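In: what follows is a protein structure lacking sequence information:
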């Protein structure tokens, strides 16, 4: 029970935080729940299928070089996982009438991402125990949130722009960039001290995410 609480708590904190930041026109709890479940179920299924396909057609050797770790971080893990979240927001939330202000891109992207992160976190914590739960609560979960906010910021812009494809792809690209950088520095931790790069990329992502939240709050269609 303690492990389940430790797994769920950081996810719940992120959800509450982003819900509070949606100041001017709260989203339907039903839509938010569906988005979370799409992340927790369908995004996980899509990610698993893509991983299996990559492993069959483009297998990486066991003794990864730095270049191979780069490819794995950016073009396997980051691209696959962020794409699996992106398509849920793009084809479920973005077309809905409820998606009626730019900030909605952020909140729906975060809900999908937290669904994904909750399931991923559960597997890691069940395997690694409470120590892993604590470490991931202050690293991996905030990282997934920042990737989602950056993606959602541009998907929110896209909904109300005549350059929808451009902004959607910028959002996906930014999420992949930050996710890939975060993972890459962790993957090459055989280089002494290099893991600090992951925390620097996370810190930059958090700073940019806070700016993105404030920008869409200012631009709300419902702000009086």
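Out: Right, received. Where do you want to start? Nothing here was measured: the structure is a model prediction, and the numbers come from that model.
In: right, and the helix or strand after the lowest-mean-pLDDT helix or strand in the chain?
Out: Least confident element among the helices and strands of the chain, by mean pLDDT, DSSP states H and E: helix 66-71 (a mean of 90). As assigned by DSSP states H and E, the chain's next helix or strand after helix 66-71 is helix 79-88.
In: and that next one, what does it pack against?
Out: Helix 79-88 sits against helix 43-57, helix 103-128, helix 140-159, helix 164-187, with contacts defined as 3 or more C-beta pairs under 8 Å, 6 or more residues apart in numbering; DSSP states H and E. The way it works is simple: take the backbone N, C-alpha and C, and place the C-beta from them, glycine included.
In: run the angle between the first one and helix 103-128 for me.
Out: On the basis of axes from the mean of the first three to the mean of the last three C-alpha atoms, to 10 degrees, helix 43-57 is oriented at 70 degrees to helix 103-128.
In: how far does helix 43-57 sit from its chain's centre?
Out: The chain centroid and the centroid of helix 43-57 are separated by 17 Å under C-alpha atoms, centre = their mean, to the nearest Å.
In: what of the second one?
Out: When distances are taken as C-alpha atoms, centre = their mean, helix 103-128 is centred 7 Å away from the chain's centroid.
In: again with stretch 68-86
Out: 12 Å.
In: quick one: mean pLDDT over stretch 168-186.
Out: Stretch 168-186 comes out with an average pLDDT of 97.
In: ok, residues contacting it?
Out: With contacts defined as C-beta atoms under 8 Å, 6 or more residues apart in numbering, stretch 168-186 is touched by 69-70, 72-75, 77-79, 81-83, 85-86, 90, 94, 105, 109, 143, 146-148, 150-155, 158, 194-198, 201-202, 204-205.
In: show me just the buried residues among these.
Out: Buried positions within the contacts of stretch 168-186, assessed by neighbour count (16 or more other C-beta atoms under 10 Å), are 69-70, 72-74, 77-79, 81-83, 85-86, 90, 94, 105, 109, 143, 146-148, 150-155, 158, 197-198, 201-202, 205.
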